[in-house]
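J.: Pasting a predicted model and its sequence here:
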Amino acid sequence: MAEGEQKDRPALPRRKLRVTNYEQIGKTQKDAPIYKVFAVKEDGSPVEDELRAFQELPVGEVIEYALKRYDHPQYGVSFTLYPPKEKLGTRVTKLEQKIEELESRLAALESGSGAPAPGAPDDDIPF
């Protein structure tokens, strides 16, 4: 296959779901986490089918996930959730913002301004 070409694969079905919780239930053979996912549909009704994911998912947001059916001989049918992928430009912008924030915090520390770390309580408690 030439560089940049993709295999012809059918698109996975998509559903809008709101993840309400998830918990790690194991690891893959490559040591990646496997999460059991609890979710509701857009109308708030619970998803009764077994859901899983291989990454942490945002809780409380309605997101359109790609779903892939998985038939396991021992554990039965489950559906793997795949969140939408961020575009490279969006990821670069987020990294640039993090770098700017870290540079600013470092400059404050180096100048001895004593600026509190973001999220630090602004009170007189000495510990």
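T.: Alright, I've got the coordinates.
J.: What distance do you get for the residue positioned nearest the centre of the chain to residue 22?
T.: Taking Cα atoms, centre = their mean as the criterion, residue 57 is the residue nearest the geometric centre of the chain, at 3.8 Å. Counting by Cβ to Cβ, to the nearest Å, the separation of residue 57 from residue 22 is 6 Å. Where C-beta positions appear, they are placed from N, C-alpha and C, glycine not excepted.
J.: cool, and residue 90?
T.: From residue 90 to residue 22 the distance is 23 Å (Cβ to Cβ).
J.: the more surrounded of the two?
T.: Set residue 90 next to residue 22 and count neighbours by other Cβ atoms under 10 Å: residue 22 wins out with 20 against 10.
J.: The more buried one sits in which helix or strand?
T.: strand 14-27 (DSSP states H and E).
J.: Just the buried positions in that strand, please.
T.: Judged by neighbour count (16 or more other Cβ atoms under 10 Å), strand 14-27 contains these buried residues: 17-19, 22.
J.: domain ranges for this structure?
T.: Here the domain assignment for the chain is 14-82, 85-113, based on automatic domain parsing.
J.: looking at those domains, which is buried most?
T.: Mean neighbour count, computed with mean count of other Cβ atoms under 10 Å, is highest for domain 14-82 among the domains of the chain, reaching a mean of 13.
J.: Need the contact partners of stretch 63-78.
T.: 11-19, 49-52, 57, 79-84 (Cβ atoms under 8 Å, 6 or more residues apart in numbering).
J.: could you give the mean pLDDT of it?
T.: The pLDDT scores in stretch 63-78 average 91.
J.: do the same with stretch 13-33
T.: pLDDT averaged over stretch 13-33 gives 92.
J.: Could I get the CA-only coordinates of it as PDB?
T.: Extracted in PDB, the C-alpha atoms of stretch 13-33 (Å, rounded to 0.1, in the frame of the first residue of the first chain):
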ATOM      1  CA  PRO A  13     -21.900   3.100  13.300                       C
ATOM      2  CA  ARG A  14     -22.100   6.300  15.400                       C
ATOM      3  CA  ARG A  15     -24.300   7.100  18.400                       C
ATOM      4  CA  LYS A  16     -24.600  10.200  20.600                       C
ATOM      5  CA  LEU A  17     -24.100   9.100  24.200                       C
ATOM      6  CA  ARG A  18     -23.300  10.700  27.600                       C
ATOM      7  CA  VAL A  19     -20.900   8.700  29.600                       C
ATOM      8  CA  THR A  20     -21.900   8.700  33.300                       C
ATOM      9  CA  ASN A  21     -19.100   6.600  34.700                       C
ATOM     10  CA  TYR A  22     -16.300   4.200  33.800                       C
ATOM     11  CA  GLU A  23     -14.000   1.800  35.700                       C
ATOM     12  CA  GLN A  24     -10.900   0.000  34.700                       C
ATOM     13  CA  ILE A  25     -11.700  -3.700  34.500                       C
ATOM     14  CA  GLY A  26      -8.400  -5.100  33.100                       C
ATOM     15  CA  LYS A  27      -5.700  -4.700  30.600                       C
ATOM     16  CA  THR A  28      -5.100  -5.900  27.000                       C
ATOM     17  CA  GLN A  29      -2.200  -8.200  26.100                       C
ATOM     18  CA  LYS A  30      -0.300  -5.000  25.200                       C
ATOM     19  CA  ASP A  31      -0.900  -3.600  28.700                       C
ATOM     20  CA  ALA A  32      -3.400  -1.000  27.600                       C
ATOM     21  CA  PRO A  33      -6.300  -0.400  30.100                       C
END
